[in-house]
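> next input, structure requested:
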Amino acid sequence: MIPAPTHFPNDNSHRVALFLQPTPRDDFDGLEELTANGLQAARKALEDLASLTIQLDRSTAADVTELRQAVEKRRLLNDRFVDAAYALKTQIADMEHPEDCSEIFDRIAQELQQAISLSNRVRDLLAAERDVGWHRGIRD
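A predicted model of the protein is given here:
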């Protein structure tokens, strides 16, 4: 930050200082960060799920595989990711688990919900940009 002047010269020179508050970034400026945060949440959910010593049924295992593939390819912005994450979150919520594991199951559900929410937010922002561009005459 530029320090405020303490001495003002008397000759024919002048100084103009403009002090502005930093403007906060909006969601649209941080699309990459939002996407990375969503991938991180999904990765944490998969790691927590792998740390459990439970037997998964076929549909849950298929959703875990689908989600793992999407995370490995870093594909957060498609329907396959959202569908797999939502199905896995629903199956985890419906699963019977011991009382001592309820905290980790809750954490997995929260991480999956965060990944879904971030994916939807980024997709919404991109769709809004496309629609606004279309109305401004930018058509592809």
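
> what's next to stretch 63-70, contact-wise?
For stretch 63-70, the external contacting residues (Cβ atoms under 8 Å, 6 or more residues apart in numbering) are 42, 45-46, 49, 56, 76, 78, 80-81, 84-85, 87-88, 91. (Glycine included, C-beta is placed from N, CA and C.)

> from these, which is closest to residue 122?
residue 76 (7.2 Å; Cβ to Cβ).

> give me phi/psi at the closest one?
In terms of degrees, to the nearest 10, the main-chain angles of residue 76 are phi -100, psi -20.

> same check, this time on residue 129
phi -60, psi -40.

> how many neighbours does the closest residue to residue 42 other than its chain neighbours have?
Taking Cβ to Cβ, 6 or more residues apart in numbering as the measure, residue 42 lies nearest to residue 115, with 4.0 Å between them; neighbours along the chain are not counted. Neighbour count of residue 115, defined by other Cβ atoms under 10 Å: 29.

> check contacts around residue 115.
By Cβ under 8 Å, 6+ apart, the residues touching residue 115 are 38, 39, 41, 42, 45, 76, 81, 85.

> nearest to residue 34 among the contacts of stretch 63-70?
Within the contacts of stretch 63-70, the smallest distance to residue 34 is 9.1 Å, found for residue 76 (Cβ to Cβ).

> shaky segments in the protein?
Low-confidence segments of the chain (pLDDT under 70): 1, 8-14, 140.

> one more time with 80
1-18, 23-29, 53-55, 97-101, 133-140 (pLDDT under 80).
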